[in-house]
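> no sequence for this one, just the structure:
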Ligand SMILES: CC(C)(COP(=O)(O)OP(=O)(O)OC[C@H]1O[C@@H](n2cnc3c(N)ncnc32)[C@H](O)[C@@H]1OP(=O)(O)O)[C@@H](O)C(=O)NCCC(=O)NCCSC(=O)CC(=O)CCCCCCCCCCCCC(=O)O
Ligand SMILES: NC(=O)C1=CN([C@@H]2O[C@H](COP(=O)(O)OP(=O)(O)OC[C@H]3O[C@@H](n4cnc5c(N)ncnc54)[C@H](O)[C@@H]3O)[C@@H](O)[C@H]2O)C=CC1
C-alpha cells in the first residue's frame, strides 16, 4: 500500500509500503493513485514527494503478480497521472529505483537521489522490457545510445552516474527524503511545462541507423537466443521514430509479446530459484533457518594451482585474512605473481579494493595452525587428499572447518581421515574461481548443520551463489555432465562431427558446445578420472573397447589423449588451433579422418543424425540424471539443479535450467523420447527414464513448484 502524510504544511508525502523492496503490487499502485488524487485535491498542498519505506524507493513491478490475473490500476495510466499533475512531484530515491520503480521516478517532475542509491532497468533479465513508458522516456531524457545501453543490458547505475547521465537532478549524502521535501518547497508554483519527459523531443543523432545496427549486432552476439534484448532495441527505436503516444502503443505491443513468452516465464522462474537456494535443507533434515554459521575471520588455502589461486583472490577480496600454502617453490612464486595480477585487474576493472596485505604465503602446511577454516585445492588424487586431511586434522586448532574443493571425490572418505568428521564439507568452486558465481556446498552424512551453514555463508560473503548438495560421485553438476558427454561421444561414433553437435548445442543457447568446452578444460582431466576408475584399457582398439561393466563405453576421448591431443593447451583436441594455447577452434580434417577410421575398425556405419536427435539425446540424458539426483535426495529441489546448471555450466538462463526446461517440453514427452532412444540403444543405462521422472510424468506434468510434494514422499514409493 502507500501512506499519505503532510510535511512542513504544504508538501504531500506518498510513502510506498511493501517490504522488502516496495514492489508495485496492486495495493501499492492503488495507494499511489488514491494518494495522488488526494494530494492534488488538497488546496494546502503545493507539491508532492514520493518515497519508499525503509530506505528503498522501489524495486519495480511485483514480479510475483506476473503469473496471476492482474488486478488494481495498471502502471501506465498511473505514471501518466503523476506526470500530468498540476503540482510538482519529486521522487526521493533511496536504496533502489529499478524497473517500474525507475519508471515511476521518471514520471515525476524532479528526482533527488541518495549517493548510495542504484538505478536501472533490469527487466531484460526477466525476459521483459520497461513497459510503463521506460523505453519512451529514457531516450528522451538521456539520448539514444545511453538509453540503449541501460535498457538492453539491464545494468544498474550509481547515483553519481545517474546524475552524470541526467537521470537525476540532485544527489545528496544526507537524508534524501528531507532533501526532496526542501526541493519540493523550492519549486512550488514554478511552471512544469519543461519537466514532463514525455513532451520532450527524442534526440536524433545523425548516425541513428548505424547506432541501431550496432545495438542489434551487439545484442545478437551476447543474447544467445534470448529475445528480450532485441525487442528492447525495437522499443527504443520507436521512441525516436514515432510520436510519444504511438511509441507507447508500440511499447505495449512489444511488451505483450515478451510478457506471454516462454522465455519470460523461464527467466522469472530463474529469478526466484536463485533466491530460493539460500533457503537450503539437507537430506537428514538440517535447515538454513535452524543452523547458525560459525564466525570465520581467517582462512587457509592449500594448493595454489588453477583453483587455489582464484579461491585465494576471492577470499581476500571478501575481506578474509588468508594463509596461502603451496609446497612446490616454483609454483609458489608463480602463484604469488598470478594472484597479484588478478587482484590488480579486479581493482582496475571492478573497483574491488586491493587486498595484497590480506594474504600471507607459505610453503609449509604448519602455517595454518591458527586459521578458522581451510580450503584444500591440491591435485584430484584421493590418496594425496587423504594425507593432507590427516595433516590438517593434526595441525589445526580444535573446531576448524576442513573444506575440500574436490570436483567429485567422496567427502565422507576424506572426513574419515580427521578427528572431527562433522567439521568436513565440500566447497566446490568453478574455474576461474574468482569470477564464477557458483559454489556447490557438499555435505557428507556426518557434516554438521552448523558447518553447512558456515560454508553457505562464506560463499555468500565471497559473492557466490551457494547451493547445498549431498555427497555422491560428481555431486550435482559433474554427475549430470557424465551422461551428457557420453551421448555426445556416442553421436560421434554413429556419424556426427564435433562441429555438428556443438552447433546444435550453441543454437540451443549454450555459450559453447560440449566439444569446445572439452578442448578448453582439457581432455586429460577426464582421462585421468577414467584411468583412476579403471575404465581406460590398453586394449582400446580391440572389439571389447566399446563396452565397460556391461554398458556401452566410448574410448574416443582416451584415444585422442593417447595421441597427445589434450585440447587448447596442446593446440589439438576435438578441433585444431593455430598454436598450443590458441583459442579459436577450427574443424580438423585429421579428426574427421580419424573418426571414419575408428568407425570402420569397429564396424560402425555412419548415418545422418539430425538436429533434434542431437539435442534430445544430449539434453534428455542430462535431465534424466537430474531427476535421479532428486530421487536420491542429493539435491533438495529442481531449483538447486537449475541454478547449478545456469551459473556453473553455461545453460542458457532464458531456458530456466534443465529441470524447468523439461517441464516446459512436457515430462511425458521427455519420457517418451528417452524410451524411444533406449529401445535403439539398450546398452546405454542413462537413457532409461528414472522412476521419479516417470512418476511425475504419469501424474500429469505438475508445475515445477509442485514437484517437491512428490519428491518428499518416502523414496521407497517411487
Ligand atoms: C531489489 C534487489 C536489487 C534487492 O536485492 P537484495 O537486497 O539482494 O535482495 P533479494 O534477495 O534479491 O530480494 C529480497 C526479496 O525480495 C523479492 N523481490 C525483489 N524484487 C522483487 C520484485 N520486483 N517483485 C517481487 N519480489 C521481489 C525477492 O524475490 C526476495 O524474496 P525471496 O524470493 O522470497 O527471497 C533485487 O531483489 C532485484 O534485483 N530485484 C528485481 C528488480 C527488478 O527486476 N525489477 C523490475 C521488475 S519488472 C518491472 O518493473 C516491469 C516494468 O517495467 C513495468 C511493466 C509494466 C507492467 C504492465 C503489466 C501489464 C501486464 C499486461 C499483460 C500484457 C499481456 C497481454 O497483453 O496479454
Ligand atoms: N581446474 C578446474 O577447473 C577445477 C578443479 N577442481 C578441483 O580443484 C582441485 C585442484 O585443481 P587444480 O587447481 O586444477 O589443480 P592444479 O594442478 O592446477 O593445482 C594443484 C596444486 O596443488 C599443489 N599441491 C599438491 N600437493 C600439495 C600439498 N600437499 N600441499 C600444498 N600444495 C600441494 C600443486 O603443487 C599444485 O600447484 C582438484 O581437486 C580439482 O579436481 C574443482 C573445480 C574446477
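Looks like it arrived, so ask away. Since we're looking at a predicted model, the values are computed, not measured. Ligands and ions are numbered 1, 2, ... in the order given.

> now do the closest residue to ligand 2 within the chain, the pLDDT please.
Nearest to ligand 2, among the residues of the chain, is residue 305, at 1.7 Å (C-beta to the nearest ligand atom). To be clear about C-beta, it is placed using only N, CA and C from the backbone, and glycine gets the same treatment. Confidence at residue 305, expressed as pLDDT, is 94.

> wait, what's in contact with it?
Residues near residue 305 by C-beta atoms under 8 Å, 6 or more residues apart in numbering: 331, 335, 377, 378, 379.

> helices of the stretch 351-500 of the chain, start to end?
All helices of the stretch 351-500 of the chain, identified by DSSP state H, counting those that start in this stretch, fall at 382-395, 411-415, 449-461, 477-494, 498-508.

> domain map for the protein?
2-259, 298-475, 496-601, 613-717 (automatic domain parsing).

> does ligand 1 sit close to the first one?
Yes - on the criterion C-beta under 6 Å from any ligand atom, domain 2-259 is in touch with ligand 1 at 20-21, 23, 59-64, 70, 74-75, 96, 98-100, 103, 122-123, 126, 128, 130-132, 134, 256, 259.

> so which of those sit within helices?
Counting by DSSP state H, the residues of domain 2-259 next to ligand 1 place 75, 100, 103, 134, 256, 259 in helices.

> burial measure for the first one, as a count.
Per other C-beta atoms under 10 Å, the neighbour tally for residue 75 reads 23.

> equivalent analysis for the second one, please.
Each residue near residue 100 was counted by other C-beta under 10 Å, and the total is 27.

> settle this for me: it is touching residue 65, isn't it.
No - applying C-beta atoms under 8 Å as the test, residue 100 and residue 65 come out as separate, 11.0 Å apart.

> any shared contact partners between the two?
Shared contacts of residue 100 and residue 65 (C-beta under 8 Å, 6+ apart): none.

> before we move on, the earlier item: how much space between the residue of the chain closest to ligand 2 and residue 197?
54 Å (C-beta to C-beta, to the nearest Å).

> show me where the stretch 501-650 of the chain has helices.
Along the stretch 501-650 of the chain, counting by DSSP H, counting those that start in this stretch, helices occupy 514-521, 523-532, 556-562, 589-601, 611-631, 638-649.

> so where's this structure uncertain?
Applying pLDDT under 70 to the chain flags residues 538-544, 713-718.

> so the one residue in the stretch 1-150 of the chain that gets nearest to ligand 1 versus residue 246, what's the distance?
Nearest residue of the stretch 1-150 of the chain to ligand 1: residue 99, at 2.4 Å (C-beta to the nearest ligand atom). Separation of residue 99 from residue 246 (C-beta to C-beta) stands at 23 Å.

> which one's more surrounded, these two?
residue 99 (29 against 12).

> quick check: residues of the stretch 201-350 of the chain near ligand 2?
302, 303, 304, 305, 306, 307, 308, 325, 326, 327, 328, 331.

> can you tell me the centre-most residue of this structure?
The residue lying closest to the centre of the chain (C-alpha atoms, centre = their mean) is residue 647, at 4.1 Å.

> these two touch, right, that residue and residue 463?
No - using C-beta under 8 Å, residue 647 makes no contact with residue 463, being 11.9 Å away.

> intersection of neighbour lists for these two?
residue 437.

> that older thread, near ligand 1, from the contacts of residue 305?
Within these, nothing lies near ligand 1 by C-beta under 6 Å from any ligand atom.

> wait, which of those residues is closest to ligand 1?
For these, with ligand 1 as the reference and C-beta to the nearest ligand atom as the criterion, the closest is residue 377, at 28.4 Å.

> hang on, that closest one packs against residue 303?
Yes - counting by C-beta under 8 Å, residue 303 is a contact partner of residue 377 at 4.2 Å.

> give me the more crowded residue out of the two.
Per other C-beta under 10 Å, whichever of residue 377 and residue 303 has more neighbours is residue 377, with 28 against 25.

> now that one: phi and psi?
Backbone torsions of residue 377, given as degrees, to the nearest 10, read phi -140, psi 50.

> which residues touch it?
301, 302, 303, 304, 305, 307, 308, 311, 405.

> buried subset of those residues as a PyMOL selection?
In PyMOL, a selection of the buried entries from the contacts of residue 377 looks like this (16 or more other C-beta atoms under 10 Å):
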select buried, resi 301+302+303+304+305+307+308+311+405
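
> residue 171 in helix, strand or coil?
strand (DSSP: H, G, I helix; E, B strand; the rest coil).

> what residues of stretch 367-378 count as buried?
Applying 16+ other C-beta under 10 Å to stretch 367-378 flags 367, 368, 371, 372, 373, 374, 375, 376, 377, 378 as buried.

> ok, which pair from these is furthest apart?
372 and 378 (20.1 Å; C-beta to C-beta).

> before we move on, the earlier item: ok, for the residue nearest to the centre of the chain, nearest residue in space, not its chain neighbours?
Closest residue to residue 647 apart from its sequence neighbours, by C-beta to C-beta, 6 or more residues apart in numbering: residue 438 at 3.9 Å.

> and if you look at residue 490?
Sequence neighbours aside, residue 554 is the residue nearest to residue 490 in space, at 5.8 Å (criterion: C-beta to C-beta, 6+ apart).

> show me the strands in the stretch 251-400 of the chain, by range?
298-302, 321-325, 359-362, 373-376 (DSSP state E, counting those that start in this stretch).

> can you pull the contacts of the residue of the stretch 301-450 of the chain found nearest ligand 1?
Residue nearest to ligand 1 within the stretch 301-450 of the chain: residue 437 (13.3 Å; C-beta to the nearest ligand atom). Applying C-beta under 8 Å, 6+ apart, we find residue 437 in contact with 463, 464, 465, 647.

> quick one, phi psi at it?
Torsion angles, degrees, to the nearest 10, at residue 437: phi -80, psi -10.

> which bits of the stretch 251-400 of the chain sit near ligand 1?
Checking the stretch 251-400 of the chain against ligand 1 by C-beta under 6 Å from any ligand atom, the hits are 256, 259, 260, 272, 275.

> coming back round to it: would you mind checking the residues of domain 2-259 next to ligand 1 for buried ones?
Buried among the residues of domain 2-259 next to ligand 1 by 16+ other C-beta under 10 Å: 21, 23, 59-63, 75, 96, 98-100, 103, 122-123, 126, 128, 130-132, 134, 259.

> partner residues bridging the residue nearest to residue 647?
residue 465 (DSSP bridges).
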